[in-house]
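1. got a predicted structure here, sequence first:
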Amino acid sequence: MNPSLAVYLGLRRAGIDFAASVPCVNLQELLAMLDADTEMIHLPVTREEEGVGICAGAWLGGRRPALLMQNSGLGNCINALASLDMLYGIALLMIISHRGGRGESIIGQVPMGRLTVPLLEAMGIPHLSPSPPEAEEAVAGAWKKAESGRCPVAVLLDIDFWRAI
């Protein structure tokens with residue numbers, strides 16, 4: 001299955017009805033699917049912490065929010081995740097294009113690539129890295145965990161995920 005379609009179907013299966021996003025080449029096909037979905041609000045944002053805040057407002061307004069971003073932006077939104085979502089028990093599904101691993105062509109992506117999982121673990125944010133065949137179920141399950149735990153949950157999608165077709 002197309003990796004972007006698998007993630008999209010997982011979002012729909014979870015009932016996600018609001019998505020904020022920061023551009024990423026790996027997410028572009030998925031973002032186009034969100035734009036075409038008339039039942040989902042998709043709001044592009046300029047920075048990840050802006051997305052965290054807008055998704056928090058969406059959650060408080062009764063929506064089921066997801067933030068789609070690249071892992072290089074995780075550092076930008078750590079304070080917003082800790083002092084807003086985690087402090088006030090706000091559910092957030094984060095779909096994160098995990099750059100900087102094996103096969104990365106841009107050296108500037110490597111430091112955050114190495115730090116992403118340790119940062120999530122230090123913050124106590126649950127995370128998973130499904131394969132494309134597992135993605136639909138994993139994304140839906142990650143939302144259930146975010147909603148029941150009233151916390152952020154991250155789905156990390158590395159370069160091998162996006163190349164699998």
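-> That came through fine. Nothing here was measured: the structure is a model prediction, and the numbers come from that model.
2. just say helix, strand or coil for the closest residue to Ser21 other than its chain neighbours.
-> Leaving aside its chain neighbours, Ser21 sits nearest to Leu68 (4.1 Å; criterion: Cβ to Cβ, 6 or more residues apart in numbering). C-beta here means a position set from N, CA and C on the backbone, and glycine is covered the same way. Look at Leu68: counting by DSSP: H, G, I helix; E, B strand; the rest coil, its state is strand.
3. what residues are bridge-paired with Leu68?
-> Judged by DSSP bridges, the bridge partners of Leu68 are Ser21, Ile95.
4. who are the contact partners of the spatially most central residue of the chain?
-> Centroid-nearest residue in the chain, with Cα atoms, centre = their mean: Ile95, separated by 1.7 Å. Neighbouring residues of Ile95 by Cβ atoms under 8 Å, 6 or more residues apart in numbering: Val7, Leu11, Leu27, Leu30, Ala66, Leu67, Leu68, Met69, Val139, Val155, Leu157.
5. again, only this time at 7 Å
-> By Cβ atoms under 7 Å, 6 or more residues apart in numbering, the contact list for Ile95 reads Val7, Ala66, Leu68, Val155, Leu157.
6. and for Gly113?
-> For Gly113, the contact set (Cβ under 7 Å, 6+ apart) comprises Asn71, His98, Arg99, Gly100, Gly101, Glu104.
7. inside strands: which ones of these?
-> Among the contacts of Gly113, the ones falling in strands (DSSP state E) are His98.
8. show residues contacting the top helix by length along the chain.
-> Assignment by DSSP state H gives helix 132-149 as the longest helix of the chain. For helix 132-149, contacts defined as Cβ under 7 Å, 6+ apart pick out 1, 3, 6-7, 9-11, 13-14, 16, 64, 91-93, 126, 128, 130, 152-153, 155, 161, 164.
9. of those, just the buried ones, PyMOL syntax please.
-> The PyMOL command for the buried members of these (criterion: 16 or more other Cβ atoms under 10 Å) is given here:
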select buried, resi 3+6+7+9+10+11+14+16+64+91+92+93+130+152+153+155+161
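10. any idea how far the residue nearest to the centre of the chain lies from Pro133?
-> Separation of Ile95 from Pro133 (Cβ to Cβ, to the nearest Å) stands at 17 Å.
11. about what we covered before: identify the farthest-apart pair in the contacts of Ile95.
-> Spatial extent of the contacts of Ile95 (Cβ to Cβ) is set by the pair Ala66 and Leu157 at 12.9 Å.
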